[in-house]
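>>> show me the folded form of this:
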Amino acid sequence: MSRAKGLAATAGLICAGAVTVIALGAGPEPEPQPTPPRVYSSCLAADTKPMPAGADPCNGR
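As a prediction, the model looks like this:
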């Protein structure tokens, strides 16, 4: 085998090995996580008046 053919064969093996390593390293994609449930509240505590400490903003006062 000539030197050029030997270098070409070596380069081909290196490329094939690199492709194999990349393919195995990628692996399957992780499964997407479910979206957490949203929490809704009927109480809107956006008041312009300050609330005393311990007061319930949902009591309607």
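
>>> can you show me the helices along the protein?
3-26 (DSSP state H).

>>> quick one: low-confidence parts of it?
1, 24-27, 40-51, 57, 59-61 (pLDDT under 70).

>>> one more time with 80, if that's ok
Low-confidence segments of the chain, defined by pLDDT under 80: 1, 18-30, 38-61.

>>> kindly export stretch 7-16 (C-alpha atoms) in PDB.
Presented in PDB, the C-alpha positions along stretch 7-16 are these (Å, rounded to 0.1, in the frame of the first residue of the first chain):
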ATOM      1  CA  LEU A   7      -2.900   8.200   5.000                       C
ATOM      2  CA  ALA A   8      -6.300   8.200   3.200                       C
ATOM      3  CA  ALA A   9      -7.300   5.000   5.000                       C
ATOM      4  CA  THR A  10      -6.200   6.400   8.400                       C
ATOM      5  CA  ALA A  11      -8.100   9.700   7.800                       C
ATOM      6  CA  GLY A  12     -11.200   7.700   6.800                       C
ATOM      7  CA  LEU A  13     -11.000   5.600  10.000                       C
ATOM      8  CA  ILE A  14     -10.600   8.800  12.100                       C
ATOM      9  CA  CYS A  15     -13.600  10.400  10.500                       C
ATOM     10  CA  ALA A  16     -15.700   7.300  10.900                       C
END
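
>>> how about that stretch: buried residues?
When neighbours are counted by 16 or more other C-beta atoms under 10 Å, no buried residue of stretch 7-16 is found. Every C-beta, even on glycine, is put in place using the N, C-alpha and C of the backbone.

>>> ok, residue 35 - contacts?
Under the criterion of C-beta atoms under 8 Å, 6 or more residues apart in numbering, residue 35 has no neighbours.

>>> ok, residue 22 - how many residues close by?
9 (other C-beta atoms under 10 Å).
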